[in-house]
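Asks: Quick one: sequence plus predicted model below, questions after.
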Amino acid sequence: EAQVTQNPRYLITVTGKKLTVTCSQNMNHEYMSWYRQDPGLGLRQIYYSMNVEVTDKGDVPEGYKVSRKEKRNFPLILESPSPNQTSLYFCASSSIFAGETQYFGPGTRLLVL
Amino acid sequence: DAKTTQPTSMDCAEGRAANLPCNHSTISGNEYVYWYRQIHSQGPQYIIHGLKNNETNEMASLIITEDRKSSTLILPHATLRDTAVYYCIALRGAQKLVFGQGTRLTINP
């Protein structure tokens, strides 16, 4: 089954404790992206990647890092989480060709105390 | 990317067709019209997309006007599980998705 998976689905942590949220897709997609969703602010892009070893900042990259060492994986790293990073996070992937569809993962709900 | 305009909310009776409109008067020639929905904090779910022609899949139909300035998503036989926020987006493809406020569709028994 074609899908985007994220782990963990729920996470409670404390300020400053490094964490990684994994994202994996099995559709051989070149493009992958991370979004965060907050009430009243909609979906905002954090980082995206057009292919292996090619990443770029989205609209809200501060406090986040990403890497794309393999085509299928695109982990989101919070080196020193802060309470303002409490949010619902989504990973998405698609082919790079025009007219292709972005598929989303199920989401990771993060609470930083 | 073209800005889209949708009604804030709509209601539909279970079993009836739900018709969700979207205006995208500034859409450019190479931008597709995409529809997604989000059911209560789940991951946004792709529904359908099209460029010029009307499209149909197992979930819905998409009717695009000839001038491409507006479109309508049709859920032919709405069920309670179709209650969600529906987003209409115009873009070329592998780009940042910008979800506006969308239409909150409520299916009533």
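Replies: Sure, I can see it.

Asks: Now do the strands for chain B: every range, in order, please.
Replies: B:9-13, B:18-23, B:32-38, B:45-50, B:55-56, B:61-64, B:70-75, B:84-91, B:103-108 (DSSP state E).

Asks: For the spatially most central residue of chain B, give me its contacts.
Replies: In chain B, the centroid-proximal residue (CA atoms, centre = their mean) is B:Trp35; its distance is 3.7 Å. Shown in contact with B:Trp35 (CB atoms under 8 Å, 6 or more residues apart in numbering or on different chains): B:20, B:22, B:46-49, B:60, B:62, B:73, B:86-89. Just so you know, the C-beta spots here come from the backbone N, C-alpha and C atoms, and that holds for glycine as well.

Asks: Take those residues and lay them out in JSON lines including neighbour count.
Replies: Below are the contacts of B:Trp35 laid out as JSON lines (neighbours: other CB atoms under 10 Å in any protein chain shown):
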{"residue": "B:Leu20", "neighbour count": "23"}
{"residue": "B:Cys22", "neighbour count": "24"}
{"residue": "B:Tyr46", "neighbour count": "18"}
{"residue": "B:Ile47", "neighbour count": "21"}
{"residue": "B:Ile48", "neighbour count": "20"}
{"residue": "B:His49", "neighbour count": "20"}
{"residue": "B:Ala60", "neighbour count": "19"}
{"residue": "B:Leu62", "neighbour count": "22"}
{"residue": "B:Leu73", "neighbour count": "24"}
{"residue": "B:Tyr86", "neighbour count": "24"}
{"residue": "B:Tyr87", "neighbour count": "25"}
{"residue": "B:Cys88", "neighbour count": "26"}
{"residue": "B:Ile89", "neighbour count": "25"}
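
Asks: List, out of the residues you listed, those positioned next to chain A.
Replies: B:Tyr46, B:His49 (CB under 8 Å from any CB of the partner chain).

Asks: what would the contacts of B:Trp35 look like in CSV with pLDDT?
Replies: Shown next, in CSV, are the contacts of B:Trp35 (pLDDT from 0 to 100):
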residue, pLDDT
B:Leu20, 98
B:Cys22, 97
B:Tyr46, 92
B:Ile47, 96
B:Ile48, 95
B:His49, 94
B:Ala60, 97
B:Leu62, 98
B:Leu73, 98
B:Tyr86, 97
B:Tyr87, 94
B:Cys88, 95
B:Ile89, 92
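
Asks: between the contacts of B:Trp35, which is closest to chain A?
Replies: B:Tyr46 (5.0 Å; CB to the nearest CB).

Asks: Identify the residues contacting the residue nearest to the closest one when sequence neighbours are not counted.
Replies: Closest residue to B:Tyr46 apart from its sequence neighbours, by CB to CB, 6 or more residues apart in numbering or on different chains: A:Thr101 at 5.0 Å. When contacts are counted by CB under 8 Å, 6+ apart, A:Thr101 touches A:Ser94, B:Tyr34, B:Tyr46, B:His49.

Asks: in which helix or strand would I find A:Thr101?
Replies: Under DSSP states H and E, no helix or strand contains A:Thr101.

Asks: and A:Tyr103, what are its bridge partners?
Replies: Note on A:Tyr103: beta-bridge partners A:Ser93, judged by DSSP bridges.

Asks: between the contacts of A:Thr101, which is closest to B:Val98?
Replies: B:Tyr34 (11.1 Å; CB to CB).
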